[in-house]
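**Student:** coordinates only, sequence not included:
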């Protein structure tokens, strides 16, 4: 499955080369201006990928000595910029997948998913000033995941024990049920299409703003779209689990929409640089969105915050250690908390509330930059 989506992404990324590749009359003039402060003519492509692995085996452990564990995953990113005269087309994509299993798995529990995220972004722009720092641009963004997720963040369906019922003789009766499906590809997915202005004073910083950004939150699977978010402490209904509109009456969801259409203001700021003679690479991106329409019909209309950072410590010829973090807040998408063992012996989150989601990944990575030569 992963290969299929990677092929689709690469096809999307390079499909426009036949459309936008053309002779540029003022190439020599641009060269004299140092190729737009560092942007090269043609394609400049940067790639990076990394793997994580944590494994431990214990046979007949002493009390308190631990148990078997296996954690593995990977991350990858692809960035490509195409320049032809005043036209600059920025593309970026990233993917993170991590899985884990604790114990010998003698029961029916499959691997758990610890991280699953797919991001795509594309922004063509045309310089509207002579210094080529201001652009009229169209930003496209996509955020979703690759694999299905079941209760407890497990990758496959499994049987969950229901609370025991005591019969007339005083003996417990235990029944089971299928784990519920929580999410999958396009359920949910967030898609934004935003015309706006892009300011690029240099190649290290860019600031994009759109006053009319369209955003679609899709939850195409009806089973997932009907999931409510309930505060475990007081039973308060917090809205849908994934931000799509719902109608909640008499303690149950009576109606729902698969798509929430929003129109609002979008701001994106991105900074990247290298330090210590290119031994340390740092990238930070902050995305802010405010929905004028309150498309999820939440009791409060609060801006969405999405902040990503990536720091790479280069060791030798593209090989390094990368620390990637993410902080995400969306009032319409509650988060899970209260991790622990439930009555059926499975480990899962026990509560739902509004809050910030934070992610962190540390991986051994390899990166490389390909592309056009610097203008002389």
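**Tutor:** Arrived safely. Remember, it's a predicted structure, so these values are computed and weren't measured experimentally.
**Student:** quick one: contacts for the residue most central in space within the chain?
**Tutor:** If you average the C-alpha coordinates of the chain and look for the closest C-alpha using C-alpha atoms, centre = their mean, you land on residue 117, 4.0 Å from that point. Taking C-beta atoms under 8 Å, 6 or more residues apart in numbering, we find residue 117 in contact with 94, 95, 96, 143, 145, 326, 359. C-beta: built from backbone N, CA, C; applies to glycine.
**Student:** I'd say the first one and residue 74 touch.
**Tutor:** No - under the contact definition of C-beta atoms under 8 Å, residue 94 does not touch residue 74, with a separation of 11.4 Å.
**Student:** follow-up on the earlier one: the contacts of residue 117, buried ones only, as a ChimeraX selection?
**Tutor:** Buried members of the contacts of residue 117, defined by 16 or more other C-beta atoms under 10 Å, are picked up in ChimeraX with:
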select :94,95,96,143,145,326
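**Student:** which among the contacts of residue 117 gets closest to residue 304?
**Tutor:** The shortest distance between residue 304 and any of the contacts of residue 117, using C-beta to C-beta, involves residue 143 and amounts to 10.9 Å.
**Student:** Quick one: distance of the helix or strand where that closest one lies to the chain centre.
**Tutor:** With elements delineated by DSSP states H and E, residue 143 resides in strand 134-144, which encompasses its position. The gap between where strand 134-144 is centred and where its chain is centred comes out at 16 Å by C-alpha atoms, centre = their mean, to the nearest Å.
**Student:** again with stretch 238-255
**Tutor:** Taking C-alpha atoms, centre = their mean, one finds stretch 238-255 lying 24 Å from the centre of the chain it belongs to.
**Student:** Quick one: end-to-end distance for that stretch.
**Tutor:** The first residue of stretch 238-255 is 15 Å away from its last residue (C-alpha to C-alpha, to the nearest Å).
**Student:** Tell me the buried residues in it?
**Tutor:** Of all the residues in stretch 238-255, those buried under the rule 16+ other C-beta under 10 Å are 238, 239, 240, 241, 242, 243, 244, 245, 246, 248.
**Student:** So for residue 64, what pLDDT did the model give?
**Tutor:** For residue 64, the pLDDT comes out at 69.
**Student:** meant to ask about residue 107
**Tutor:** Note on residue 107: pLDDT of 54.
**Student:** How much space separates residue 112 from residue 147?
**Tutor:** Here the distance between residue 112 and residue 147 works out to 12 Å (C-beta to C-beta, to the nearest Å).
**Student:** Next, residue 223: secondary structure please.
**Tutor:** Using DSSP: H, G, I helix; E, B strand; the rest coil, the three-state assignment for residue 223 comes out as helix.
**Student:** who's the closest residue to it other than its chain neighbours bridged to?
**Tutor:** In space, not counting the residues next to it along the chain, residue 223 is nearest to residue 181; the distance is 5.7 Å by C-beta to C-beta, 6 or more residues apart in numbering. With DSSP bridges as the criterion, the beta-bridge partners of residue 181 are residue 150.
**Student:** any weak-confidence spans in the stretch 151-300 of the chain?
**Tutor:** Counting by pLDDT under 70, the low-confidence segments of the stretch 151-300 of the chain come to 163-164.
**Student:** where along it do the strands fall?
**Tutor:** 159-161, 165-166, 172-173, 176-178, 181-183, 189-202, 205-218, 228-230, 237-240, 246-249, 252-256, 259-275, 280-291 (DSSP state E, counting those that start in this stretch).
**Student:** Out of these, which is the most enclosed?
**Tutor:** strand 237-240 (a mean of 22; mean count of other C-beta atoms under 10 Å).
**Student:** what's the closest of the buried residues of stretch 238-255 to residue 304?
**Tutor:** For the buried residues of stretch 238-255, the minimum distance to residue 304 (C-beta to C-beta) is 9.3 Å, reached by residue 243.
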